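Undergrad: Next input, structure requested:
(chains A and B)
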Amino acid sequence: MSSQENSESLPEAQAPAHGAVEHAGDPFADPGLPAHKPRIQDIDERAAKRSERAVAFLFFLSMVATIGFIASYVIFPVDKIVFIFPFGHVSVLNFALGLTLGVALFCIGAGAVHWARTLMSDVEMPAERHEIAAPPEVKAQVLADFKQGAAESGFGRRKLIRNTMFGALAMVPLSGVMLLRDLGTLPEKKLRHTMWSKGKALINMNTNEPLRPEDLLVGSLTFAKPEGLEEDAEDFQTQIAKAALMLVRIKPEDIKDKRELEWSHQGIVAYSKICTHVGCPISLYEQQTHHVLCPCHQSTFDLSDGARVIFGPAGHALPQLRIGVNDEGYLEALGDFDEPVGPAFWERG
Amino acid sequence: MKKLSARRRHPLAAVVVLLLALAATGGLYAAFAPAGKAQADETAQSLAIDEGKKLYSVGCASCHGTGGQGTSDGPSLVGVGAAAVDFQVGTGRMPAQQPGAQVPKKKVIYSQPEIDQLAAYVASLGAGPSVPTDSQYNPSGADIAKGGELFRTNCAQCHNFTGEGGALTNGKFAPSLEDVDPKHIYEAMQTGPQNMPSFPDTTMPQKQKQDIIAYLHAVNSDQSASPGGLKLGGLGPVSEGLFGWIFGLGALIAVAIWVAAHTAKAKKS
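TA: Next up is the predicted model:
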């Protein structure tokens, strides 16, 4: 098949057919346009009928598939799971909907392509190129019209009109700028404070109970939220986005940073769970190295050394929360974070 | 007697004598062994510790020290408990094959009774979490939805949302949790193997661990359903998008090229 196609485009097959000008001895003579060659459907009416039936069959198949889609939607329950090789345990509804919709769309496309290729006119239509530039007399006319218009409007002469028009055009976009204010309230001091404050107990995210120091073993990882923040509270997401806290217990002798040790309770250290780079939640804690890795951009913090940045794009250490124990023996915060949690911002300082 | 004596050089004579001797020993043991039950248990326990110590000296002492005190090649085992041993040896991680960022899961070398003996010995070095019983880790009747919530809070950061695993720093990684024995999942949460932090019962009660195991069974086992099919490793939108761009668009381009490359012209007349 392909060798026959190739032979079709060989020059010797084209040369005699199209009557281009031939200069004897000129190897770069313009070969002209190749001759139009008919398709089997152009010659043989039976072949054309066959093509017509093929296209109609594809469109018909698409209709059947659409009916199949509607039927699948009605028949199959949403939670029925079947095993289909090689897809595994799939939802029969999803599978049927996808298959029928896919067939319906594919058959419309395939039918259209087959129709265009075998039955629609395929006569080549050359579009000759010509110069893009306008003729000189048209150019001259346009320029003359423009000059006359400018003179008649008095644009150059009546300066008051001109200048106020410029002013009006410059002012109009300000309305749009003003509307940007509706995008939200200014953050004010919200970025600098979290819900933590002196005396708030540390509540275990798993059990919703306050934590005692003896609950936390060396090498364990626990997540805490401030006392009084309930999961069904309206502003829960807003608050936890800043107040999220991770608690790890490190042997006090392994803590290298002096302030970290002071702010800890018997080696229990509490750090913000929000990465200081772009604010991803970060708690990929390795208990042997005390490293915390951020999954977004691989910033790594050393929790045994003041959560110092040891790798990655983060700009500063994770903020530490100062903790202690209240009269009833529960862990409590001794204040808010002393710096804004999360990523840096212009006014952070 | 003479007849018997004549056959003493028969090739099977040794076997017969051995069988007789074994039967005699067994009979004598059966006659004398059933003493007090408690005493037998205690003896069995100390026997297990003794046997475990022998196995320990051969397989573990070179890195963990002769008394489990740890060396520069391996951490101390005092206080890690039987659960840690059952996890590490029961998943084939220990004995380690070579030093490196992380000791991976491999073929289990010891039999379960040997693992129990090793666990008994290590547990005798210092108090630690014991091997959980079936009622502790069996997830039947647990709350799968609650387990999913707990998994996303505590585990998903490293192990991916459906427990497919993920990369950590310097060659370390969080392994995939697909088809891991519920007992081993429970022990891992309890003991915090290698760089994984522990989630002791004081911060994550037993019921919640069962919920997590039930969740993992629902989303990441060979029976778990994937409603869309072809989940491509369950690694999230990046791998799925990559697949769509390369194979989906690639197939469309291939079809377009195929359509354009095949002429509809009739053969030349």
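
Undergrad: quick one: the most centrally placed residue in chain B from residue A:213, how far?
TA: Geometric centre of chain B, nearest residue: residue B:91, 2.8 Å, by CA atoms, centre = their mean. Look at residue B:91 and residue A:213: by CB to CB, to the nearest Å, they are 32 Å apart. C-beta here means a position set from N, CA and C on the backbone, and glycine is covered the same way.

Undergrad: in chain A, which spans are helices?
TA: Assigned helices in chain A, in chain order: A:2-8, A:11-14, A:40-43, A:45-75, A:92-118, A:136-153, A:159-171, A:173-179, A:236-243, A:258-263 (criterion: DSSP state H).

Undergrad: Can you lay out those as JSON lines showing mean neighbour count?
TA: Below are these laid out as JSON lines (neighbours: other CB atoms under 10 Å in any protein chain shown):
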{"stretch": "helix A:2-8", "mean neighbour count": "11"}
{"stretch": "helix A:11-14", "mean neighbour count": "12"}
{"stretch": "helix A:40-43", "mean neighbour count": "17"}
{"stretch": "helix A:45-75", "mean neighbour count": "14"}
{"stretch": "helix A:92-118", "mean neighbour count": "17"}
{"stretch": "helix A:136-153", "mean neighbour count": "10"}
{"stretch": "helix A:159-171", "mean neighbour count": "10"}
{"stretch": "helix A:173-179", "mean neighbour count": "9"}
{"stretch": "helix A:236-243", "mean neighbour count": "17"}
{"stretch": "helix A:258-263", "mean neighbour count": "14"}
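
Undergrad: Return the member of those helices having the minimum mean pLDDT.
TA: Mean pLDDT is lowest for helix A:2-8 out of those, coming in at a mean of 45.

Undergrad: Touching, the residue nearest to the centre of chain B and residue B:108? I think so.
TA: Yes - applying CB atoms under 8 Å as the test, residue B:91 and residue B:108 come out as touching, 7.1 Å apart.

Undergrad: Just give me the neighbour total for the residue of the stretch 51-200 of chain B at minimum distance from chain A.
TA: Using CB to the nearest CB, residue B:197 is the residue of the stretch 51-200 of chain B that sits closest to chain A, at 3.5 Å. Neighbours of residue B:197 under the rule other CB atoms under 10 Å in any protein chain shown: 24.

Undergrad: and it, what does it touch?
TA: A:219-221, A:248, A:285, A:287 (CB atoms under 8 Å, 6 or more residues apart in numbering or on different chains).

Undergrad: tell me the domain boundaries of the chain?
TA: No chain in the question, so chain A it is. Domain assignment for chain A, taken from automatic domain parsing, gives A:34-118, A:192-348.

Undergrad: actually it's chain B I care about, not the one you picked
TA: B:42-131, B:134-224.

Undergrad: Switch those over to a markdown table; also include mean pLDDT.
TA: Shown next, in a markdown table, are the domains of chain B (pLDDT from 0 to 100):
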| stretch | mean pLDDT |
| --- | --- |
| domain B:42-131 | 88 |
| domain B:134-224 | 90 |
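
Undergrad: which one of those has the most crowded surroundings?
TA: Ranked by mean neighbour count, the domains of chain B are led by domain B:134-224 with a mean of 19 (mean count of other CB atoms under 10 Å in any protein chain shown).
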